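Asker: no sequence on this one, just coordinates:
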């Protein structure tokens, strides 16, 4: 699924008609904690322009050979984008306002062995769902030694 390229990055865009580019993350700190049913994955990184951070969390992590769906209002698999110079905060975990949320906000996938994590999330909203961002691509993972 992932080709080895020097340009691997997760890109963040404003989720609007203009689709303004907000930044990209080339590499992040990743870790797997716990054992068995309590295994969880976390990845975090900062955009190359320093304007945003990205955090990916999978609470019921079943290994790198799986894809993980991202759902609105669900904290079991989250993708969060936060501004470092602003109060911007976007996430799939915010409760969906009224009615039935769309079936999926995207997914997370891994290269073999977890050396890269990919995310495709469209419509990560702020707390009142008045603005949103889209996240797409893959970043290199650095694990603690």
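Answerer: Perfect, thanks for sending it. On a predicted model such as this, the values are computed, not experimentally measured, just so you know.
Asker: packing partners of the helix or strand bottoming out on mean pLDDT in the chain?
Answerer: The weakest-scoring helix or strand in the chain, judged by mean pLDDT, DSSP states H and E, is strand 116-125 (a mean of 93). Other helices and strands packing on strand 116-125, by 3 or more Cβ pairs under 8 Å, 6 or more residues apart in numbering; DSSP states H and E, are strand 52-58, strand 77-83, strand 89-91, strand 106-110, strand 132-142. Heads up, the C-betas are built off the backbone N, CA and C, glycines and all.
Asker: which parts of it are buried?
Answerer: 116-125 (16 or more other Cβ atoms under 10 Å).
Asker: how far off centre is it?
Answerer: 5 Å (Cα atoms, centre = their mean, to the nearest Å).
Asker: give me the neighbour count for residue 67.
Answerer: When neighbours are counted by other Cβ atoms under 10 Å, residue 67 registers 10.
Asker: before we move on, what SS does residue 65 have?
Answerer: coil (DSSP: H, G, I helix; E, B strand; the rest coil).
Asker: could you shift the numbering so residue one becomes 58, and keep it that way?
Answerer: Yes, from this point I'll number from 58; that puts the last item at residue 122.
Asker: so how far is stretch 180-192 off the chain centroid?
Answerer: 13 Å.
Asker: residues contacting residue 153?
Answerer: For residue 153, the contact set (Cβ atoms under 8 Å, 6 or more residues apart in numbering) comprises 129-130, 186.
Asker: circling back to that earlier point, quick one: contacts of the least confident helix or strand of the chain?
Answerer: The contact list for strand 173-182, computed with Cβ under 8 Å, 6+ apart, reads 58-59, 65, 67, 72, 85, 87, 100, 111, 113, 127, 129, 136-138, 147-149, 151, 159, 162-168, 188-198.
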